[in-house]
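K.L.:
model the structure of this input:
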Amino acid sequence: MHEMSLAQSIVELAEEQARARHSEAVEELELEIGRLAGVELQTLDFALESAVKGSLLEHARIIRHIIDGEGQCTDCGNVFPMDALFASCPSCGSYCVKILKGKELRVKSIVIK
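P.N.:
Predicted coordinates:
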């Protein structure tokens with residue numbers, strides 16, 4: 001379950017930033033997670049609940065922005081929604097697709113006390 005290691009890394013990053021600013025706690029953590037990032041969202045939620053216990057994020061509000069997948073066919077130029085990494089173009093059937101959105105996994109912001 002790589003979601004647990006992701007959750008622990010997110011907590012470590014936020015705590016590092018808070019401690020560098022001599023903060024006692026993190027009030028809010030904002031995440032961007034793409035549907036094509038290979039992350040099971042419910043498992044990450046569960047892992048984050050566990051990872052924040054006893055940390056500076058224990059009482060933080062965690063905001064998750066889920067980003068839908070979007071691709072562009074490199075053959076015909078069609079831009080379309082993607083539900084899977086290896087989707088074909090709905091217009092021409094080509095698998096030469098550039099992913100435009102949906103692979104994100106980042107901490108967007110951290111609000112500290």
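K.L.:
what residues are bridge-paired with the residue nearest the centre of the chain?
P.N.:
Closest to where the C-alpha atoms of the chain average out (C-alpha atoms, centre = their mean) is Ile33, at 2.3 Å. Note on Ile33: beta-bridge partners Ile66, Leu105, judged by DSSP bridges.
K.L.:
now do the contacts for it.
P.N.:
Counting by C-beta atoms under 8 Å, 6 or more residues apart in numbering, Ile33 touches 39, 41, 44, 64-67, 104-105. C-beta here means a position set from N, CA and C on the backbone, and glycine is covered the same way.
K.L.:
report the buried members of those.
P.N.:
39, 44, 67, 104-105 (16 or more other C-beta atoms under 10 Å).
K.L.:
closest one of those to Ser91?
P.N.:
Using C-beta to C-beta, Ile67 comes nearest to Ser91 of those, at 22.7 Å.
K.L.:
what's the neighbour count on the closest residue to the closest one other than its chain neighbours?
P.N.:
Excluding the flanking residues, the one nearest Ile67 by C-beta to C-beta, 6 or more residues apart in numbering is Gly34, at 4.4 Å. By other C-beta atoms under 10 Å, the residues close to Gly34 number 20.
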